[in-house]
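S.K.: Please work out how this folds:
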Amino acid sequence: MKWVKWIATAIFALAIISFVALLVMSNFAEGKVRGEVSVTIAKPAAQVFTWLVTPDKLAQWLEGFQESVPLNGDSLRVGTRSREILISRDERFEMEMEITELEPNRLLGYHISHETFEQDGRYFLAEGNGQTTVQFTSVSQFKPFMFRLLSPLIAPSAQAQQEKNFAALKRLLEN
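M.R.: Below is the predicted model of the structure:
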């Protein structure tokens, strides 16, 4: 019977150690995930920018993107709000997005709100020698405690998905 107590104690200790490790790795459940992707595309900035702001074009390279529903008019300006609809793992997600920065063909910033997270993202385009470098940065803040705790495990797959998306954008524009 002593071995049963020993195994139970070991399992409990392992669970506590795992929880503390996740807590430390997540910066005490801060829940922030930062992402950064840079891609150079052999097209002018005006052509690349169109693919960042046109829903039909977004659906071609942004995995899971379904549609964008305007909430306060359909002009592109700072303050424009929309409902973004994505499908991921057969689950539908609706998020509210607001344009926070806009310099056509150069800069696009946004804020997304969802019940489980907030995200601020920014596309910066730099053109030169007939090509455009797109620098994308994002900071996501998870709301539920368990998501915040697991953020170090979520971050690598989120980064990989962004890299995959931008590779698809480059492929579409250069072919």
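
S.K.: use CA for all of it now, contacts and neighbours both
M.R.: Fine.

S.K.: Any stretches of this structure with poor pLDDT?
M.R.: 8-10, 12-30 (pLDDT under 70).

S.K.: and the longest helix along it, which residues are buried?
M.R.: Longest helix of the chain, by residue count under DSSP state H: helix 145-174. By neighbour count on 16 or more other CA atoms under 10 Å, the buried set for helix 145-174 is 147-152, 155, 159, 162-163, 165-170.

S.K.: Likewise for stretch 55-71?
M.R.: 55, 58-68.

S.K.: Among these, which lie within helices?
M.R.: 55, 58-61.

S.K.: From the residues you listed, pick the one nearest residue 98.
M.R.: Lowest distance from residue 98 to these (CA to CA) belongs to residue 55, with 14.6 Å.

S.K.: how about the helices of the chain, start to end?
M.R.: Under DSSP H, the chain gives helices at 2-25, 45-53, 55-61, 145-174.

S.K.: Could I get these in JSON lines, plus columns for distance to residue 31?
M.R.: Below are the helices of the chain laid out as JSON lines (distance: least, CA to CA, whole Å):
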{"stretch": "helix 2-25", "distance to residue 31": "10"}
{"stretch": "helix 45-53", "distance to residue 31": "27"}
{"stretch": "helix 55-61", "distance to residue 31": "27"}
{"stretch": "helix 145-174", "distance to residue 31": "4"}
